[in-house]
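Enquirer: Sequence first, predicted coordinates after that:
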Amino acid sequence: MLAVSHRRGALSTEVNPFCLGLGMRFALSIVLTATLAACGSSLDTRMNGAWQGNWTQWLDDSAGTSSLRQLTLSVTGETVTVSGICPDGSGSITAEGNGDTASWSGNSSCPPATVESCASGVLSFTLASVGLSVDDMNDGDLDRLGFDAFGSYSGCGVAVAAMYEFLAWR
């Protein structure tokens, strides 16, 4: 899950999202994002553009699978559209917030795709948060973007909870 520390706004992630239970950890992330979002005005436009990074997904309590991926973000005022969330590069959500964090809740499903050994699995998203950590000190650190989402996976006779995490630097 995405956690914001007080050191120069650095983003950090935890390795195992199932220590407190998938739903509990994600709910805490959304509460943190919503609380932080109430402290500013418009979203930081430095979120804009293409971000390439590591996408990890966990289905139920299985080990996560990772791949390199690109998400594209477009900020307008207090909303950010995050595009490319599905395995085929399609799909988007529009989150609301301000400052360097935004959150979303709703229902967004991806087209059927091969996920693990299932050729017709469907990934769905119900909650998401996005956060930016900017190098305000101009000391050579990279800006970091984190995107966390919670939802489900169904196909080939199973339906399980799913969590997704994207981390990128530029």
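Expert: Arrived safely, thanks for sending.
Enquirer: which parts of the longest strand along the chain are buried?
Expert: Looking across the chain with DSSP state E, the single longest strand is strand 118-133. Neighbour counts over strand 118-133 (16 or more other Cβ atoms under 10 Å) mark 118, 121-133 as buried. Just so you know, the C-beta spots here come from the backbone N, C-alpha and C atoms, and that holds for glycine as well.
Enquirer: If we only consider the residues you listed, which is nearest to Glu78?
Expert: Closest approach between those and Glu78, by Cβ to Cβ: Val130, at 12.7 Å.
Enquirer: From Glu116, how far out is the closest one?
Expert: 26 Å (Cβ to Cβ, to the nearest Å).
Enquirer: Kindly report the same for Asp141.
Expert: 36 Å.
Enquirer: Also Met163?
Expert: 15 Å.
Enquirer: now swap in Thr81 and tell me
Expert: With Cβ to Cβ as the criterion, Thr81 and Glu116 are 28 Å apart.
Enquirer: who's Ala162 bridged to?
Expert: With DSSP bridges applied, Ala162 shows beta-bridge pairing to Leu59, Gly151.
Enquirer: any chance you could map the helices in the protein?
Expert: 22-37 (DSSP state H).
Enquirer: the strands in it, which residues?
Expert: 2-4, 11-13, 49-59, 65-76, 79-83, 92-98, 101-109, 113-115, 118-133, 144-155, 158-169.
Enquirer: Serialize those to a markdown table and add fields for mean pLDDT and distance to Leu43.
Expert: Shown next, in a markdown table, are those (pLDDT from 0 to 100; distance: least, Cβ to Cβ, whole Å):
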| stretch | mean pLDDT | distance to Leu43 |
| --- | --- | --- |
| strand 2-4 | 35 | 15 |
| strand 11-13 | 37 | 15 |
| strand 49-59 | 94 | 13 |
| strand 65-76 | 95 | 5 |
| strand 79-83 | 98 | 5 |
| strand 92-98 | 97 | 6 |
| strand 101-109 | 97 | 6 |
| strand 113-115 | 80 | 30 |
| strand 118-133 | 93 | 8 |
| strand 144-155 | 95 | 12 |
| strand 158-169 | 93 | 17 |
